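Chemist: take this sequence and fold it.
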Amino acid sequence: MPETYSWTGTVSAPQEYPMEVYRGAIIAEGFTYGFDAIWGTQNTGWGSQGGTMTTAIEKKGVPYQLEFTWYSLVERTFYSGHWVLDKDAIKRLLDEGFIDQDTHKKDTYSTFVVGLAPQGRVVLWLSGAGHQKEVGAFQAHATTITKQSAYSNAQYMFKDGYAERMLNDPSYKTFSPQIRQKILTQGYPAPEIYGVYREKYSWRPVVVLEKGEWLDFGFSAYNGEQENLFAKDLQDNHYAKRAIPKFCGLYWRNGNGRYGVWIDAFDEEEIFEAFQKLGKQKDIDLVVKVDAQNTRVSLALRSGAQELPIGKANVRLSRRIE
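Modeler: Okay, the predicted model is just below:
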């Protein structure tokens, strides 16, 4: 009898590109996890989870197919497609799992995140506590759905001016004030950027402390993946093919104090330019230096003798007594 697992599903879309779920499914042997218009508008951020309708109690097999149809509000276009999933790769991740940093026990992935991007790009991630891995990237095709052919719960998408209101009327709160201002001043991101985000470099974090013991390092990347390094993974700290980091956080201990640094946001232009300058053929260190007083943090990318300072990131530092 095939192995079964507890998993659920959710949807992700870029903050600047809201997507309206029409219909979809993650399909396993004898089980279909369905999506329809009840999910509504999605733009929680690329790789970030929306809501879930849990079926975790009921164990299911490894899914073998994904199908999805959605409406891209900015593009005024419906996209649709169905794709075969790599069952072996998904099963391997589910079986390997990871050690949960909080419980120190083995855990595994529990949520499939369906990412919907402009121009019909689709990414599927597997997500668990502090970990998220891409398990597929696909291309949908533009399709035509009319008010006459749409099912009843999706009729609202075809009301006159619906997309215009959702995008431009602040009372709908489709965008946060910060994202709305960004769109007004910079326009929508180039749709191709969601392909660029998937490009990977050989890099690792390196924390330089004048005093103290480095405890962990967690990050999320522009491609939606997440990692959490601690204990043996942190001691080994191998170079690995990873996408460019978007957010990072780390802790270290010094005496009776526990310190933390959160890089809430890199400057996208600066961090991409630095990685691209060093290139995909080199091993790269993301260097975090902390002074002896644990009050100042500096960032750089380093490869061999070449070091590029990273000066535009938003960095926060905290301390608590243990």
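Chemist: check contacts around H238.
Modeler: With contacts defined as Cβ atoms under 8 Å, 6 or more residues apart in numbering, H238 is in contact with R204. Every C-beta, even on glycine, is put in place using the N, C-alpha and C of the backbone.
Chemist: actually L317, not the one I wrote
Modeler: Applying Cβ under 8 Å, 6+ apart, one finds that L317 lies in contact with 259-261, 294-295, 297.
Chemist: ok, now W125?
Modeler: The contact partners of W125, by Cβ under 8 Å, 6+ apart, come to 12, 47, 112-113, 115, 132-135, 224-225.
Chemist: can you give me the pLDDT of it?
Modeler: At W125 the predicted local confidence, pLDDT, stands at 98.
Chemist: only the buried subset of the contacts of L317, as a PyMOL command please.
Modeler: Here is the PyMOL command that selects the buried residues among the contacts of L317 (16 or more other Cβ atoms under 10 Å):
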select buried, resi 259+261+294+297
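Chemist: could the contacts of L317 go into a markdown table alongside secondary structure?
Modeler: Compiled in a markdown table, the contacts of L317 are given as follows (DSSP: H, G, I helix; E, B strand; the rest coil):
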| residue | secondary structure |
| --- | --- |
| Y259 | strand |
| G260 | strand |
| V261 | strand |
| N294 | coil |
| T295 | coil |
| V297 | strand |
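Chemist: and the two most separated of the contacts of L317?
Modeler: Comparing all pairs in those by Cβ to Cβ, the longest separation belongs to G260 and T295, at 13.0 Å.
Chemist: okay, helices next: where are they in the stretch 151-300 of the chain?
Modeler: Assigned by DSSP state H, counting those that start in this stretch, the helices in the stretch 151-300 of the chain fall at 162-168, 177-186, 193-196, 231-236, 268-278.
Chemist: just the pLDDT for the closest residue to G45 other than its chain neighbours.
Modeler: Leaving out its chain neighbours, the residue that sits closest to G45 by Cβ to Cβ, 6 or more residues apart in numbering is Q15, at 5.1 Å. With respect to pLDDT, Q15 has a value of 97.
Chemist: go on, the one 5 residues further on?
Modeler: Turning to E20, the model gives it a pLDDT of 97.
Chemist: distance check, F31 against V261.
Modeler: Using Cβ to Cβ, to the nearest Å, we find F31 at a distance of 43 Å from V261.
Chemist: what's the answer for D267, then?
Modeler: For D267, the distance to V261 - Cβ to Cβ - is 17 Å.
Chemist: and the protein, what are its domains?
Modeler: Per the record, the chain has its domains at 1-198, 199-321, by automatic domain parsing.
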